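Q: Got a sequence here, can you build the structure:
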Amino acid sequence: MKHNEWVAGPPPKDPDVREEGATATKPKTERPRMFKVILHNDDYTTMEFVVEVLMSVFRKTKIEANRIMLSVHSSGKGVAGIYNREIAEAKAGQALDLAKGRGYPLLVTTEPE
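A: Presented below is the predicted three-dimensional model:
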């Protein structure tokens, strides 16, 4: 017997070669579903307060905050940010708490992207 012959059984399988009928499955890591945090317009919450919320809770620059506030004012609502579910709900809660503490009826909701 030659030195490089297999003594028993077939040669080891090459992991990169698929056998007929075999399916290679790689586990897919799915990105978590993202949620929009939406500020809704009302007749009582001031534009200045909305800008303050956007800057303090959502970490927007003054320019970004003003742009979003104008969107809320003109179209009735605006997206403050997009986050995974836990963060979106936490930020919405922070914004609502801040509004409630100041006596504003600001409505903040989350919805899937």
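
Q: Residue 86: neighbour count?
A: 10 (other Cβ atoms under 10 Å). C-beta coordinates here come from the backbone N, C-alpha and C atoms, glycine included.

Q: Residue 44 now?
A: 10.

Q: Now it: phi and psi?
A: Main-chain dihedrals, residue 44, degrees, to the nearest 10: phi -120, psi -40.

Q: Next, work out how far apart it and residue 113 are.
A: According to Cβ to Cβ, to the nearest Å, residue 44 and residue 113 sit 29 Å apart.

Q: which residues sit in contact with residue 102?
A: residue 49 (Cβ atoms under 8 Å, 6 or more residues apart in numbering).

Q: how near is it to residue 30?
A: Taking Cβ to Cβ, one finds residue 102 at 39 Å from residue 30.

Q: Return the set of buried residues in whichever strand or helix holds residue 93.
A: Using DSSP states H and E, residue 93 sits in helix 85-102. By 16 or more other Cβ atoms under 10 Å, the buried positions in helix 85-102 come out as 87-88, 91-92, 94-96, 98-99.

Q: ok, of these, which one's closest to residue 81?
A: Within these, proximity to residue 81 (Cβ to Cβ) peaks at residue 91, which comes in at 6.7 Å.

Q: which phi and psi does the residue most central in space within the chain have?
A: Centroid-nearest residue in the chain, with Cα atoms, centre = their mean: residue 83, separated by 2.8 Å. For residue 83, the backbone dihedrals (degrees, to the nearest 10) come out as phi -140, psi 170.
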